[in-house]
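sequence unknown, structure follows:
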């Protein structure tokens with residue numbers, strides 16, 4: 001089968017990483033794959049090494065020429081208004097090529113999807129979000145889900161070298177909680193800092209590692225009395241370095257102001273046996289931006305814990321510290337992410353290239369989501385919305401004044 005994967009950019013983001021993993025697995029399965037992107041980036045090298053052809057061009061005519069003899073055109077994007085991808089799909093359909101779209105944000109661009117055979121959301125929660133935003137999406141039989149692939153075999157095969165705790169001067173007896181993500185101020189959730197403050201005030205032996213934090217956040221933390229509890233690392237695409245962090249951590253503590261449409265780092269951490277604590281995205285966040293798939297990736301009480309406020313996160317960390325059988329929890333975490341294994345997910349993708357996957361029931365999705373939240377930690381006092389708003393405003397102006405946009 002000759003397949004084309006199309007993206008806007010080959011940067012270090014999750015969309016490009018997902019495509020890279022799919023392409024690698026498809027090539028291993030004997031398929032001929034070509035990757036088209038409007039702009040290049042660090043992933044270009046990895047894709048070429050996997051055996052795929054790569055073309056970087058912002059010209060639609062260049063993309064159309066690549067369609068010759070193609071069986072499937074598979075695009076990855078937000079699902080929002082996208083004239084370029086609309087033209088790509090329209091051209092592919094004129095040539096009788098099957099079109100598949102991986103929806104990473106939950107948008108429902110009618111013009112784009114008019115030319116699409118199969119729409120795949122990266123989580124069931126994202127399918128639900130599409131239904132909440134767009135009534136037509138609730139009954140669109142082309143919409144299904146396909147989780148982001150995680151290279152579990154590669155993660156478990158990598159052996160971390162060196163002692164991260166020693167390198168970062170973290171006491172061996174400290175409970176290390178880590179947060180891994182891009183330094184995106186728009187996604188930074190101050191509930192993480194609130195939780196660390198509360199743990200410090202309770203005299204808990206906890207150290208927080210952030211890879212990577214926005215500069216305004218780092219500056220503020222380093223000026224506070226809680227600075228000794230923090231360590232910082234730059235973001236990386238090096239699997240060995242990520243595994244090193246997961247192996248050294250007692251838990252991954254993840255918060256995001258708008259949530260996750262999937263959460264690759266959450267799944268990777270569990271694959272490495274690291275329990276995960278996540279904060280559910282509050283309902284007051286605009287439904288257009290609000291994602292909550294982190295509550296789908298993490299199974300409360302099985303592979304980690306889900307909380308609603310910073311106090312719930314503190315409770316979850318305390319439970320993990322007091323866990324008498326941490327190895328059992330780590331093994332449950334490893335087992336739970338087998339559903340995201342790249343080989344399994346790619347096999348399902350190949351099915352989608354042949355025929356549409358079964359659609360999901362919107363009422364059932366809503367019901368299951370409500371049960372998940374009801375079973376999570378949600379008894380803590382809500383965080384002050386005024387304080388959080390002030391912190392967000394201060395960070396934004398700090399970035400602006402320092403010349404960082």
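Noted; the coordinates are in hand. This one's a predicted model, so the numbers in the text were calculated from it and none came from an experiment.

what helix or strand is residue 92 located in?
helix 83-94 (DSSP states H and E).

give me the buried positions along that helix.
Neighbour counts over helix 83-94 (16 or more other C-beta atoms under 10 Å) mark 84, 85, 86, 87, 88, 89, 91, 92, 93 as buried. (C-beta placed from N, C-alpha, C; glycine too.)

which two in these are spaced the farthest apart?
Within the buried residues of helix 83-94, 84 and 93 form the most distant pair, 15.3 Å apart (C-beta to C-beta).

what angle sits between the following helix or strand past the helix holding residue 92 and helix 83-94?
Scanning forward in sequence from helix 83-94 by DSSP H and E, the next helix or strand is strand 98-103. With axes from the mean of the first three to the mean of the last three C-alpha atoms, to 10 degrees as the basis, strand 98-103 and helix 83-94 are set at 150 degrees to each other.

just checking: what are the partner strands of strand 98-103?
strand 72-77 (parallel), strand 118-121 (parallel) (DSSP bridges).

ok now the shortest one, how far from the chain's centre?
Which is strand 118-121. 17 Å (C-alpha atoms, centre = their mean, to the nearest Å).

just the residues contacting it, thanks.
79, 98-103, 106, 113, 127, 130, 140, 142-146, 261, 349, 352, 356-357 (C-beta atoms under 8 Å, 6 or more residues apart in numbering).

of those residues, just the buried ones, ChimeraX syntax please.
A single ChimeraX command selects the buried members of the contacts of strand 118-121 (16+ other C-beta under 10 Å):
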select :79,98,99,100,101,102,103,106,113,127,130,140,142,143,144,145,146,261,349,352,356,357
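
can you list which of the contacts of strand 118-121 are found in strands?
Those of these mapping onto strands are 98, 99, 100, 101, 102, 103, 143, 144, 145, per DSSP state E.

columns distance to residue 155 on top of these, output as a markdown table?
Shown next, in a markdown table, are the ones in strands among the contacts of strand 118-121 (distance: C-beta to C-beta, whole Å):
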| residue | distance to residue 155 |
| --- | --- |
| 98 | 32 |
| 99 | 32 |
| 100 | 26 |
| 101 | 28 |
| 102 | 22 |
| 103 | 25 |
| 143 | 30 |
| 144 | 26 |
| 145 | 22 |
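
out of the strands paired with strand 98-103, nearest to residue 231?
Here strand 72-77 is closest among these (C-beta to C-beta), at 33.4 Å.

check what contacts the closest one and list those residues.
Against strand 72-77 from outside (C-beta under 8 Å, 6+ apart): 1-8, 15, 18-19, 67, 85, 88-89, 92, 97-105, 353.

please redo it, this time with the cut-off set to 7 Å
1, 3-8, 15, 18-19, 67, 85, 88-89, 92, 97-102, 104, 353 (C-beta atoms under 7 Å, 6 or more residues apart in numbering).

point out where the stretch 1-150 of the chain drops to low pLDDT.
For the stretch 1-150 of the chain, no stretch has pLDDT under 70.

make it 80
Applying pLDDT under 80 to the stretch 1-150 of the chain picks out residues 12-13.

the chain: strands as residue ranges?
Going by DSSP E, the chain shows strands at 2-9, 32-39, 53-56, 72-77, 98-103, 118-121, 143-145, 175-180, 206-211, 230-232, 251-254, 276-279, 304-307.

got TSV for these, with distance to residue 222 too?
Shown next, in TSV, are the strands of the chain (distance: least, C-beta to C-beta, whole Å):
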stretch	distance to residue 222
strand 2-9	32
strand 32-39	34
strand 53-56	39
strand 72-77	37
strand 98-103	39
strand 118-121	39
strand 143-145	41
strand 175-180	16
strand 206-211	12
strand 230-232	8
strand 251-254	19
strand 276-279	23
strand 304-307	26
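
can you say which of these is nearest to residue 340?
Using C-beta to C-beta, the strands of the chain put strand 143-145 closest to residue 340, at 11.9 Å.

check contacts around the residue nearest to the spatial centre of the chain.
Centroid-nearest residue in the chain: residue 263, 2.6 Å away (criterion: C-alpha atoms, centre = their mean). Residues in contact with residue 263 (C-beta under 7 Å, 6+ apart) are 293, 294, 297.

who wins for most neighbours among those residues?
residue 297 (29 neighbours; other C-beta atoms under 10 Å).

for residue 368, see how far away the closest residue to residue 103 other than its chain neighbours is.
Distances taken as C-beta to C-beta, 6 or more residues apart in numbering place residue 79 nearest to residue 103, at 4.2 Å, with adjacent residues excluded. Here the criterion is C-beta to C-beta, to the nearest Å. By it, residue 79 lies 22 Å from residue 368.

cool, residue 86 as well?
Per C-beta to C-beta, residue 86 is found 33 Å from residue 368.

just residue 254 next, same as before
From residue 254 to residue 368 the distance is 21 Å (C-beta to C-beta).

more crowded one of these two?
For the pair residue 254 and residue 368, the greater number of neighbours falls to residue 254 (27 against 14), based on other C-beta under 10 Å.

and the pLDDT at the more buried one?
Residue 254 is assigned a pLDDT of 96 by the prediction.

so in terms of bridging, what pairs with it?
Those that pair with residue 254 in a beta bridge, by DSSP bridges, are residue 278.

was I right about it contacting residue 295?
No: contact criterion C-beta atoms under 7 Å: residue 254 and residue 295 do not qualify, at 11.1 Å.

could you tell me which residues touch both of the two?
Counting by C-beta under 7 Å, 6+ apart, the residues touching both residue 254 and residue 295 are residue 278.

if we can go back for a sec, phi first, then psi, for the residue nearest to the centre of the chain.
phi 110, psi 70 (degrees, to the nearest 10).

in terms of pLDDT, where does it sit?
Looking at residue 263, the pLDDT reads 91.

what does residue 386 give?
Taking residue 386 on its own, its pLDDT is 63.

the residue nearest to residue 103 is in contact with residue 102, isn't it?
No: judged on C-beta under 7 Å, residue 79 makes no contact with residue 102 at a distance of 9.2 Å.

who are the contact partners of residue 14?
Going by C-beta under 7 Å, 6+ apart, the list of residues near residue 14 reads 148, 264.
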